[in-house]
Structures are given as structure tokens and as C-alpha cells.
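1. Dropping the sequence and predicted coords here.
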Amino acid sequence: MLTIRLDSPDSLVDQIARGIRVLLAAGTLKPNDELPTVRQLAGDLGVNLNTVSRAYQELEDAGLVASVRGRGTIVVRDQELLRGGKARRKRELADRLAAVFADAKLAGFTDDEVEVLLKEQRDRFHA
């Protein structure tokens, strides 16, 4: 289930794209699965159609989904992304993690609290 938080500092586009990435990583969404239509997801989340459309475009640019005439937006596997893009994805992940650690520090979380949160999230995907 995809949820967004209106009080989040992250944009709605980022929250939607990240939520779909989480569903992909967890195996909830698999190659050839169809995503909800832009109209349907926008209605379900109570957001503007353009917001969902931009999130889908971001995922398409990343090679995770594709727009297919007659089918809508489907999950794909971009083999080039899986093979050659690992170093780039590693740098992007490191940048995102740096932002998370900075947010945790600014919020006053201790190292132990952050470690517990990281372990919980890691176990969701690598158990």
C-alpha cells in the first residue's frame, strides 16, 4: 500500500516515487505488473494528476517502469541499469543516506536509535 504524508518535508512526487521503489524492492511489485493509472492513484492519494504523472516519469527515467500503449504503466527491468549503472546508483544511494543521517542528527537521534532504525529497514528487504 502506498501512502503519503502531507506534513513531510519531501515533495509528494518524491514520496510517491520512493513508495513505488519500496514496493519494487520488497517484491510486492514485479516485472510486468501494471501500476494504477495516473488518475486512479491521484484519486486514491488525493493529489493532483500532474504529481503522480511526474512521479511515474521519474521512475520511467530511472528505467524501473515504462508506459505501454494499451496497458498503461508497467514495471520493467532495465538490464543496462542493472549491469552498468550500479556505480552510479551506489553514489546516489550514498547521497540519500547522507541526507538521512543529517536529518537524524538534526532531529536529535542518538547513534543507537539510528542503528535500530537502519536495522529494521534493512531487515524488511534483506531478511
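-> Great, that's in hand.
2. burial count for the nearest residue to residue 64 once chain neighbours are set aside?
-> Sequence neighbours aside, residue 24 is the residue nearest to residue 64 in space, at 6.3 Å (criterion: C-beta to C-beta, 6 or more residues apart in numbering). All C-beta spots, glycine's among them, are computed from the backbone N, C-alpha and C. Using other C-beta atoms under 10 Å, the number of residues around residue 24 comes to 18.
3. After the longest helix along the chain, which helix or strand is next? Please name it.
-> Longest helix in the chain by number of residues (criterion: DSSP state H): helix 86-106. From helix 86-106 onward toward the C-terminus, using DSSP states H and E, the following helix or strand is helix 111-126.
4. Mind listing residues that contact that following helix?
-> Helix 111-126 has contacts (C-beta atoms under 8 Å, 6 or more residues apart in numbering) with 25-26, 101, 104, 109.
5. how is the protein carved up into domains?
-> 1-77, 85-127 (automatic domain parsing).
6. What helices and strands are in contact with the longest helix of the chain?
-> Applying 3 or more C-beta pairs under 8 Å, 6 or more residues apart in numbering; DSSP states H and E, we find helix 86-106 packed against helix 111-126.
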